[in-house]
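Novice: Let me see the structure of the following:
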Amino acid sequence: MRRLLGPHSGKCVELPADEACPDCVFIEDCALVINERHVIITRPGAPSRQPETGPVEAALQGLGFDRVDRLEAPATLDGGDVQILPWGVLVGTSRRTNAEAVAQLRKLLAAAGGPPVFDFSLPQAAAVSGDGGGATLHFKSVLSALDPHTLLVADTPLGRALAAQITAAIPASQPDPARPDQPYLALEFVPDTIAANVLSLNEHVVMQEGHPASQARIAQLCAARGLTLHTLLMAELAKADGALTCCSLLFKGPPAAAESKEQQ
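Specialist: Here you go, the predicted structure:
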């Protein structure tokens, strides 16, 4: 079952499962919603998954985005390798996402007046950390955004190696309140890898259930930011390298869609 968050409504728009695409539940890999006007359809790195993007593109087109772009061969990119923030797009090249995709993404965002792209290397981090030759599937397998200026990162050799790349590229000074869109990141480490992948939705944060040490740390971070923490058990999906962000696309929908809904 695949899900999209409906525009401004707080409801899920549910896409039917495709039995020919057993990984279609991981809808995050199929599209990048850059902002409420711009969507980029990806080209998943596993050839068997590339047919998944058609229904997702159709659903997003139906919501009324002004601009829908597509990555083209030889680019390959899974959405699980991309963390979209208001001020920048973080991309990790991996077994599924290649340098050509990063180049195309950078060009598309520049043409649309979008945020800059910061790229990192999962294979390089794996080599530094001894991560089994790159056993970790996605960039966001070990990190995710708690808020627009805070990343949760797994406190593992791989997580630390990626953190070193990130801190070398993005300033860690205190943000200027007058410039909320400036590049700035604080990195917060959590003990459990799977707990580093959270869903952040307005004032709510959802993390994987069953990891008390990580939960205590994330709860502290949420309390300091006025966020409410929830837990959700997704152990079966985790067996297939699935994490919380994998199964949905969360976004603020196009203004036209909101206006249409208000007029109905």
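Novice: how about the helices in the stretch 51-200 of the chain?
Specialist: For the stretch 51-200 of the chain, the helices defined by DSSP state H, counting those that start in this stretch cover 53-62, 99-111, 122-129, 157-169.
Novice: could you redo these as a markdown table and give each row mean pLDDT, distance to residue 42 and mean neighbour count?
Specialist: For every residue, glycine as well, the C-beta is placed using N, CA and C. Shown next, in a markdown table, are the helices of the stretch 51-200 of the chain (pLDDT from 0 to 100; distance: least, C-beta to C-beta, whole Å; neighbours: other C-beta atoms under 10 Å):
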| stretch | mean pLDDT | distance to residue 42 | mean neighbour count |
| --- | --- | --- | --- |
| helix 53-62 | 95 | 6 | 16 |
| helix 99-111 | 98 | 8 | 17 |
| helix 122-129 | 94 | 16 | 19 |
| helix 157-169 | 96 | 21 | 18 |
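Novice: Compare those helices and give me the one nearest residue 255.
Specialist: Ranking these by proximity to residue 255 (C-beta to C-beta) places helix 53-62 first, at 15.0 Å.
Novice: now the closest one, how far from the chain's geometric center?
Specialist: 18 Å (C-alpha atoms, centre = their mean, to the nearest Å).
Novice: Let's have the helices of the stretch 51-200 of the chain in TSV, adding distance to residue 186.
Specialist: Below are the helices of the stretch 51-200 of the chain laid out as TSV (distance: least, C-beta to C-beta, whole Å):
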stretch	distance to residue 186
helix 53-62	31
helix 99-111	24
helix 122-129	19
helix 157-169	10
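Novice: so which of those helices gets nearest residue 81?
Specialist: helix 122-129 (7.6 Å).
Novice: Please name the bridge partners of the residue nearest in space to the middle of the chain.
Specialist: In the chain, the C-alpha closest to the average C-alpha coordinate belongs to residue 83, at a distance of 4.0 Å (C-alpha atoms, centre = their mean). For residue 83, the beta-bridge assignment (DSSP bridges) gives partners residue 90.
Novice: need the contact list for it.
Specialist: When contacts are counted by C-beta atoms under 8 Å, 6 or more residues apart in numbering, residue 83 is found next to 89-90, 139-140, 143-145, 151.
Novice: ok, now residue 197?
Specialist: Residue 197 touches 140-144, 152, 208, 243-245, counting by C-beta under 8 Å, 6+ apart.
Novice: Tell me which entries of these lie within strands.
Specialist: 143-144, 152, 208 (DSSP state E).
Novice: Quick check: the two most widely separated of those?
Specialist: 143 and 208 (13.9 Å).
Novice: Counting neighbours, go ahead and name the busier of these two.
Specialist: residue 143 (29 against 24; other C-beta atoms under 10 Å).
Novice: Show the low-confidence segments of the stretch 101-250 of the chain, by residue range.
Specialist: 132-134, 172-181 (pLDDT under 70).
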